[in-house]
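> Whatever this is, show me its structure:
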Amino acid sequence: MKSFRSFRLLFAGLLGAALVSTLHASTTPARPLSQKAPHYAFELRKDEFEGAVVVGLSVSTSGQVMDARILSSTNRVFEKPVLDAAQKWKFQPAMKDGVAVNSTVEQLVTFTVPGKTPATSIDSLVDALEPLGDCGLGNEVNAENALVVLAQ
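Take a look at the predicted model:
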């Protein structure tokens, strides 16, 4: 009888884990559809000045950015261009059980100069933001989800 009770508890635990997994799988995060790059000032590009900004976005059920705020940056000079550009970005809204929902998104934006030494690569800019880690909006900020703005 004791082994049957253990089996029922194990089965209930597995069923609960499967239900949690199914519920989690039915939620998809907002995804960028259109992200015009922020302005990279000529003076900064000429001087090969690089940086990174993490912006937190509130995305509506229609995919519009309702609010944008700076969560972290390597230099304040890049913050205004990122906020200005972010207000124009479009997203596929987050979905929960097939229904669009309001959501929050973290976006890393890096300003880089092509051909510069590896010491100033995107990864090193992300490392400069490393103490930030997860900004509290549920997405981890990393180089894979970065919007890269290259000096032209």
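> after the helix or strand of the chain with the lowest mean pLDDT, next one along is what?
Lowest by mean pLDDT, DSSP states H and E among the helices and strands of the chain is helix 2-25, with a mean of 37. The helix or strand immediately downstream of helix 2-25 is strand 27-28, counting by DSSP states H and E.
> partner strands of that next one, parallel or antiparallel?
Looking at strand 27-28 with DSSP bridges, its partner strands are strand 94-96 (antiparallel).
> Looking at the next helix or strand after the partner strand now, give me its mean pLDDT.
Remark: after strand 94-96, the chain's next helix or strand is strand 99-101, criterion DSSP H and E. The average pLDDT within strand 99-101 is 97.
> and strand 99-101, what does it pack onto?
Packing contacts for strand 99-101, counted by 3 or more CB pairs under 8 Å, 6 or more residues apart in numbering; DSSP states H and E, involve strand 94-96. To be clear about C-beta, it is placed using only N, CA and C from the backbone, and glycine gets the same treatment.
> switch the cut-off to 7 Å
On a contact count with 3 or more CB pairs under 7 Å, 6 or more residues apart in numbering; DSSP states H and E, strand 99-101 meets no helix or strand.
> That one: partners in the sheet, and parallel or antiparallel?
strand 94-96 (antiparallel).
> quick one: low-confidence ranges for the protein?
Across the chain, the ranges flagged by pLDDT under 70 are 1-25, 117-152.
> quick one, strands of it?
Secondary structure of the chain (DSSP state E): strands at 27-28, 31-34, 51-59, 65-73, 90-92, 94-96, 99-101, 103-112, 146-150.
> Turn those into JSON lines, columns for mean neighbour count and distance to Glu79.
Converted to JSON lines, the strands of the chain look like this (neighbours: other CB atoms under 10 Å; distance: least, CB to CB, whole Å):
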{"stretch": "strand 27-28", "mean neighbour count": "13", "distance to Glu79": "29"}
{"stretch": "strand 31-34", "mean neighbour count": "12", "distance to Glu79": "19"}
{"stretch": "strand 51-59", "mean neighbour count": "23", "distance to Glu79": "6"}
{"stretch": "strand 65-73", "mean neighbour count": "16", "distance to Glu79": "5"}
{"stretch": "strand 90-92", "mean neighbour count": "17", "distance to Glu79": "21"}
{"stretch": "strand 94-96", "mean neighbour count": "17", "distance to Glu79": "25"}
{"stretch": "strand 99-101", "mean neighbour count": "14", "distance to Glu79": "28"}
{"stretch": "strand 103-112", "mean neighbour count": "23", "distance to Glu79": "10"}
{"stretch": "strand 146-150", "mean neighbour count": "18", "distance to Glu79": "13"}
